[in-house]
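[1] Need the 3D shape of this:
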Amino acid sequence: MMSQSQLPVRKADVESGTSRDLYPMMLESPELRWSFIRKVYSIVAIQLLLTVAVGAVVVSYRPIVTFLTTTTGGLACYILLIITPFITLCPLYYYHQRHPINYFLLAIFTASLAFAVGLTCAFTKGKVILEAAILTAVVVVSLTLFTFWAARRGYDFNFLGPFLFGALMVLFVFSLIQLFFPLGKTSTMIYGCLGAIIFCGYIVYDTDNLIKRYTYDEYIWAAISLYLDILNLFMSLLTILTGADD
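    Numbers count the residues shown, from 1 in each chain. Presented below is the predicted three-dimensional model:
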């Protein structure tokens, strides 16, 4: 039998400064999970920076907006930009573990979404964009810190999955109704409020999955999930603030 001194000893959690695990009943190394979390948040940060850069170019260089919204070729390009993220997800599903193809596809996915966001912002006041960006940053940081705190104390948010999916389907149908049968400014603000609540829930849910459930090879999917949560929260807040400003 091994003596007590020969037993393997788990190292302290360097990131948190203590020897406690990320969550109760954790069986893997905290250092390995923290490395995965840092990698995912680094990818998300780069995605957000690319989104800001592309969006800023679209907003500041008006000929781009004019071309995409007033010419036949521009409208075709705009439709292509809208469907490109969905098209990119198909090959990304098969190559999400193959470097550097996965990063190349992720860059296309992010840039196409950034163009769509930039076009929306091009028709929005700068003050409203800034307010939405600040609110998004505050909410994301707050919910992320809360989820890490809750996970450390044994809370689990996996039960939110079915409820959030159902709410997302309601939001999707609501958006189709708004598209074909516009219901006015009040309904648009209600849509924005529902979207903001739903994607706040998704930030908590996906962060909890990031801490506990994503495997180390799923860093691309984890980054896409968080990026879409943040982007959709920003767009929902932009809808609310635009309606309030009008």
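
[2] pull the helix or strand with minimum mean pLDDT from this structure.
    One helix or strand of the chain scores below all others by mean pLDDT, DSSP states H and E: helix 62-70, with a mean of 79.

[3] Go through that one and flag the buried ones.
    Residues of helix 62-70 classed as buried: 64-65, 68 (neighbour count, 16 or more other Cβ atoms under 10 Å). Placement of C-beta: from N, CA and C, glycine included.

[4] what helices or strands is that helix leaning on?
    helix 30-60, helix 72-95, helix 101-122 (3 or more Cβ pairs under 8 Å, 6 or more residues apart in numbering; DSSP states H and E).

[5] looking at these, which is closest to Glu218?
    Smallest distance to Glu218 across these (Cβ to Cβ): 9.0 Å, for helix 30-60.

[6] Return the member of the buried residues of helix 62-70 nearest to Pro100.
    Nearest to Pro100 among those, counting by Cβ to Cβ, is Ile64 at 28.2 Å.

[7] I'd assumed Ala56 was in contact with that closest one.
    No - using Cβ atoms under 8 Å, Ile64 is not in contact with Ala56; the gap is 11.4 Å.

[8] so which strand or helix has Tyr23?
    Under DSSP states H and E, no helix or strand contains Tyr23.

[9] residues of stretch 30-47 that come out buried?
    Buried-residue list, stretch 30-47, by 16+ other Cβ under 10 Å: 30, 33-34, 36-37, 40, 43-44, 46-47.

[10] same question, stretch 99-107
    Within stretch 99-107, the residues scored as buried using 16+ other Cβ under 10 Å are 102, 105-106.

[11] export those residues to TSV and tack on distance to His96 and pLDDT?
    Shown next, in TSV, are the buried residues of stretch 99-107 (distance: Cβ to Cβ, whole Å; pLDDT from 0 to 100):
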residue	distance to His96	pLDDT
Asn102	5	89
Leu105	8	92
Leu106	9	93
